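>>> have a look; sequence and predicted model below, questions after that.
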Amino acid sequence: MIVFDVGGIKERKQALERAILRRRSRKWLLQLWSRFIKTRDAFRCLSCDSPDGIQAHHIIRKTLYPQAALELGNGITLCSECHNRVHEKFNGRPDLSLPLGAEQGDDQDEWSYLFGLLLDDAKKRGIPEDDFYHLSDEVLGFSVSFQGYHELFDLVNEGKISRIQFAHEIWRSMPETFYEYFISELVRLNFDEFPE
């Protein structure tokens, strides 16, 4: 079993928090964020368990949603092979005028999988989810804006699910807007096919 070094994780978190308060450079903040993510994940890839060539990966890309760049729950440690697989479809700056995932770089199934790996690892190792996998209300709101499921946000506020569990669940589900669009298209096609 992988050991949970609460002291080391707390130290890395505090270093990041101090640097944010002191308004250090973005480059330095991202380095501290990366150190925290790798320490929290016990310096191993959470996908394949390899300790070789590990890198901290932003689940929701910082080019898509810059406000999530330093969120503790928006990072996962991956080895270079697993990290390259995540970026093989598209790794450029997204065109924000296009729907989410239109360029094949933001895949809700992939996000759900990665958030699920974090959730499973936290539970297996007994790491406090809301302390070391925190996602702000803004990030949760970003997810709700694409997916709907406001009731999941209510469950977080009521303390019934953790924020990382919210992220896993909301991206695992097909968005409500998909169903609304699908039903309206189905109705439109049926009425167009059988005019009065």
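Yes, it's here.

>>> for the closest residue to residue 132 other than its chain neighbours, what are its contacts?
The spatially closest residue to residue 132, leaving aside those adjacent along the chain, is residue 40, at 5.4 Å (CB to CB, 6 or more residues apart in numbering). All C-beta atoms are positioned from the backbone trio N, CA, C, and that covers glycine. Taking CB atoms under 8 Å, 6 or more residues apart in numbering, we find residue 40 in contact with 9, 12, 72, 77, 127, 132, 133.

>>> any idea which of those the model trusts least?
Ranked by pLDDT, the contacts of residue 40 bottom out at residue 127, which has 93.

>>> just confirm that residue is within a strand.
No - the assignment for residue 127, made by DSSP: H, G, I helix; E, B strand; the rest coil, is coil rather than a strand.

>>> offset the numbering so it begins at 31, please.
Sure, I'll start counting at 31 from here, so that last one is residue 157.

>>> correct me if wrong: it contacts residue 151.
Yes - Residue 157 sits in contact with residue 151 when judged by CB atoms under 8 Å, with a separation of 7.5 Å.

>>> how near is the residue nearest to residue 162 to residue 188?
26 Å (CB to CB, to the nearest Å).

>>> repeat for residue 54
Taken as CB to CB, the spacing of residue 54 relative to residue 188 amounts to 35 Å.

>>> thinking again about what came up before, among the contacts of residue 70, which are in strands?
Under the assignment DSSP state E, these contribute residue 107 to strands.

>>> ranking the contacts of residue 70 by neighbours, who comes first?
With neighbours set by other CB atoms under 10 Å, the maximum within those is found at residue 107, which has 27 neighbours.

>>> what distance do you get for it to residue 197?
Counting by CB to CB, the gap from residue 107 to residue 197 is 16 Å.

>>> next: residue 67.
To residue 197, residue 67 is 15 Å away according to CB to CB.

>>> the two - which one has more neighbours?
Neighbours were counted for residue 67 and for residue 197 using other CB under 10 Å; residue 197 has more, 29 against 26.

>>> next, the contact list for the more buried one, please.
Counting by CB under 8 Å, 6+ apart, the residues that residue 197 touches are 89, 103, 141, 145, 165, 169, 170, 173.

>>> possible to save these as a markdown table with pLDDT?
Shown next, in a markdown table, are those (pLDDT from 0 to 100):
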| residue | pLDDT |
| --- | --- |
| 89 | 95 |
| 103 | 97 |
| 141 | 89 |
| 145 | 96 |
| 165 | 97 |
| 169 | 94 |
| 170 | 95 |
| 173 | 90 |
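
>>> which of those fall in helices?
141, 145, 169, 170, 173 (DSSP state H).

>>> between those residues, which is nearest residue 74?
When those are ranked by distance to residue 74 (CB to CB), residue 145 comes first, at 17.7 Å.

>>> neighbours of residue 140, just the number please.
Residues lying near residue 140 (other CB under 10 Å) number 16.

>>> again but with residue 190, I slipped
In terms of burial, residue 190 registers 10 neighbours under the definition other CB under 10 Å.
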